[in-house]
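*Asks:* Provided below for reference: sequence and predicted model.
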Amino acid sequence: MDLILRKANLPDGREGLDIGIAEGRIATVEAGLEASAPKEIDATGRLVTPPFVDAHFHMDATLSYGFPRVNASGTLLEGIALWGELKPHLTAETIAERALAYCDWAVGRGLLAIRTHVDVCDDRLVAVEALLEVKRKVRDVLDLQLVAFPQDGLFRSPNAEKNLLRALDLGVDVVGGIPHFERTMAEGARSVARLCAIAAERGLPVDLHCDETDDPLSRHVETLAFETQRLGLQGRVTGSHLTSMHSMDNYYVSKLIPLMAEAELNVVANPLINIVIQGRHDSYPKRRGMTRVPELMAAGLTVAFGHDCVMDPWYSLGSADMLQVAHMGLHVAQMTGAEAMRQAFQAVTVNPARIMGLEGYGLEPGCHADLVVLQARDPVEAIRLSATRLVVVRRGRVVAETAPLKTSLKLEGRPASVDYTGPWRDGVPEGR
Ligand SMILES: [Zn+2]
């Protein structure tokens, strides 16, 4: 063995298991492994998970917050306008520099796979060029997947389709789109059909920003499900955001969700962004706007929580922490039952890994030795504490370490330090 983690807790609830790693792969997961390795990590009582995965991000915009000015209203539309002001000033160098800085944050947080949309509406395609280079640079530590994203509309922006095809020719992995930003509902539907046809011709996955609006009549997801089935793209198509579903008529949704399940659509909700961007035209009551996550999960769809934005024209916060994303998603969707909280953890690990089609993801023997040791005992505690990533391992190699959080207490008659890990497991009091 090259590396052994001792006495780990796993996300499925198994405890005290040793994980043996050889040649970049998990060789065995068993209790009391009788082997040795040059490096052994004591993971007693610690959760060891496969890495965090973000299936929805914008790496060409990240860490640009404040340039050329801040988003005063905080709305989606001012964000898009602001991005439009920033775009002519972008160079491949500055995009790559910011993206690489974000990748460092991601690795430190145990986030080792990211699907990022990349804007193709700039004729220079500088962001595509920059992120293809970043993808090559980081591939030993992080899987980066690129989506050709016509931010200003496939038909609404004059050269968008031509540029999208150029981006795919350059090696961008996924076909993107934004039907609700086209001029009319009919144009939006036509863009969905065109994008799915391009994906079918080229054998590529699809991931659309779809119905990111509070308008209950924005129903492009219906067209997306229809085209997916018509073209035989089942399992390869993702609807991102789908926030209009929050506001749709319940009767209509009772027909829609089975259609989505039939088409095996994948879904990505972006809770941090949805909760601040949606409901902006409401006074009170104010809608949350996130799509119907528990209902979609119950219907058997693969649903992930994405980060979407970190310090960019749309969102000024964030730090590549997918546990923060799960924390917000859990609250917004009221997923506070014990099983629902575990599902929220899956929505930032196994579910996005499936959506991205990551090969060898998981903790079974034969999988890539990519894992994270957390300062928490189980997935619920990890979310509750946004737990410290003590050790991050990629292909059997330690790529990041963070010292455990430890608070000294200066109070008389009280213990000398505070331990925030609670007397509960999986959100349930111990012993029950
Ligand atoms: Zn997005």
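*Replies:* Sure thing, it's come through.

*Asks:* quick check: bridge partners of the residue nearest to the spatial centre of the chain?
*Replies:* Among the residues of the chain, Asp54 comes closest to the average C-alpha position under C-alpha atoms, centre = their mean, at 2.4 Å. For Asp54, the beta-bridge partners are Ile114 (DSSP bridges).

*Asks:* for it, what are its contacts?
*Replies:* Neighbour list for Asp54: 106, 111, 113-115, 306-307, 320, 322, 325, 348, 352 [criterion: C-beta atoms under 8 Å, 6 or more residues apart in numbering]. Backbone N, C-alpha and C define where each C-beta goes, glycine included.

*Asks:* in strands only, show me those.
*Replies:* Taking DSSP state E, the ones among those that sit in strands are 111, 113-115.

*Asks:* shaky segments in the stretch 301-432 of the chain?
*Replies:* Confidence mapping of the stretch 301-432 of the chain against pLDDT under 70 gives the ranges 424-432.

*Asks:* strands along that one, start to end?
*Replies:* Applying DSSP state E, counting those that start in this stretch to the stretch 301-432 of the chain gives strands spanning 302-305, 371-374, 389-394, 397-401, 407-408, 417-418, 424-425, 428-429.

*Asks:* nearest to Gly74, out of those?
*Replies:* Among the strands of the stretch 301-432 of the chain, strand 302-305 comes nearest to Gly74, with 20.7 Å by C-beta to C-beta.

*Asks:* and that closest one, which strands flank it?
*Replies:* Strand pairing for strand 302-305, using DSSP bridges, gives strand 266-269 (parallel).

*Asks:* and stretch 200-210, how far out from the chain's middle?
*Replies:* Offset of stretch 200-210 from its chain centre (C-alpha atoms, centre = their mean, to the nearest Å): 18 Å.

*Asks:* what pLDDT, on average, does it get?
*Replies:* Mean pLDDT, computed over stretch 200-210, is 98.

*Asks:* circling back: please identify the most buried of the strands of the stretch 301-432 of the chain.
*Replies:* strand 302-305 (a mean of 28; mean count of other C-beta atoms under 10 Å).

*Asks:* ok, the closest residue to Ala72 other than its chain neighbours to Phe305 distance?
*Replies:* Nearest in space to Ala72, with sequence neighbours left out and distances taken as C-beta to C-beta, 6 or more residues apart in numbering, is Glu78 at 6.9 Å. Per C-beta to C-beta, to the nearest Å, Glu78 is found 24 Å from Phe305.

*Asks:* try Asp378
*Replies:* Distance, Asp378 to Phe305, using C-beta to C-beta: 18 Å.

*Asks:* among the strands of the stretch 301-432 of the chain, which comes closest to Tyr102?
*Replies:* Nearest to Tyr102 among the strands of the stretch 301-432 of the chain is strand 397-401; the distance by C-beta to C-beta comes to 14.2 Å.

*Asks:* mind giving me the packing neighbours of the closest one?
*Replies:* helix 92-108, strand 389-394 (3 or more C-beta pairs under 8 Å, 6 or more residues apart in numbering; DSSP states H and E).

*Asks:* these two touch, right, Asp308 and Ile273?
*Replies:* Yes. Assessed by C-beta atoms under 8 Å, Asp308 is found in contact with Ile273 at 4.3 Å.

*Asks:* list the residues that contact both of these two?
*Replies:* 314-315.

*Asks:* what's across from Val303 in the sheet?
*Replies:* In beta-bridge terms (that is, DSSP bridges), Val303 pairs with Val267.

*Asks:* show me what contacts it?
*Replies:* Residues near Val303 by C-beta under 8 Å, 6+ apart: 266-269, 293, 296-297, 347, 351.

*Asks:* go on, Pro216?
*Replies:* Per C-beta under 8 Å, 6+ apart, neighbours of Pro216: 244, 247-249.

*Asks:* by neighbour count, which of the residues you listed wins?
*Replies:* Counting by other C-beta atoms under 10 Å, Ser244 has the largest number of neighbours within those, with 23 neighbours.

*Asks:* thought it was touching Gly188?
*Replies:* No. Contact criterion C-beta under 8 Å: Ser244 and Gly188 do not qualify, at 11.4 Å.

*Asks:* overlap in contacts, those two.
*Replies:* Joint contacts of Ser244 and Gly188 (C-beta under 8 Å, 6+ apart) are 180, 218.

*Asks:* and the residue nearest to Ala160 when sequence neighbours are not counted, how close does it get to Ser417?
*Replies:* In space, and not counting its chain neighbours, Ala160 is closest to Pro150: 3.9 Å by C-beta to C-beta, 6+ apart. For Pro150, the distance to Ser417 equals 53 Å [C-beta to C-beta].

*Asks:* ok, Ala340 next?
*Replies:* For Ala340 relative to Ser417 (C-beta to C-beta), the value is 32 Å.

*Asks:* in contact with the residue lying closest to Val373 once chain neighbours are set aside, which residues?
*Replies:* Nearest in space to Val373, with sequence neighbours left out and distances taken as C-beta to C-beta, 6+ apart, is Val391 at 4.2 Å. For Val391, the contacting residues are 41, 372-373, 398, 400-401, by C-beta under 8 Å, 6+ apart.

*Asks:* likewise for Val398?
*Replies:* Taking C-beta under 8 Å, 6+ apart as the test, what Val398 contacts is 3, 39, 391-392.

*Asks:* and if we set it to 10 Å?
*Replies:* Counting by C-beta atoms under 10 Å, 6 or more residues apart in numbering, Val398 makes contact with 3, 39, 41, 373, 391-392.

*Asks:* tell me the one of these nearest Leu256?
*Replies:* Among the contacts of Val398, Val392 lies closest to Leu256 (C-beta to C-beta), at 39.2 Å.

*Asks:* surely that closest one meets Val399?
*Replies:* Yes. Contact status for Val392 versus Val399: in contact at 5.4 Å, counting by C-beta atoms under 10 Å.

*Asks:* overlap of the contact sets of the two?
*Replies:* Counting by C-beta under 10 Å, 6+ apart, the residues touching both Val392 and Val399 are 107-108, 110, 112, 141, 370.

*Asks:* pick out the most distant pair among those residues.
*Replies:* Maximum pairwise distance in these, criterion C-beta to C-beta, is 14.6 Å, between Gly108 and Asp370.

*Asks:* what is the burial count for Glu78?
*Replies:* With other C-beta under 10 Å as criterion, Glu78 counts 15.

*Asks:* part of a helix, is Ala261?
*Replies:* Yes. Counting by DSSP: H, G, I helix; E, B strand; the rest coil, one finds Ala261 located in a helix.

*Asks:* that one and Gly235 touch, don't they?
*Replies:* No. Counting by C-beta under 10 Å, Ala261 sits too far from Gly235 to count as a contact (11.6 Å).
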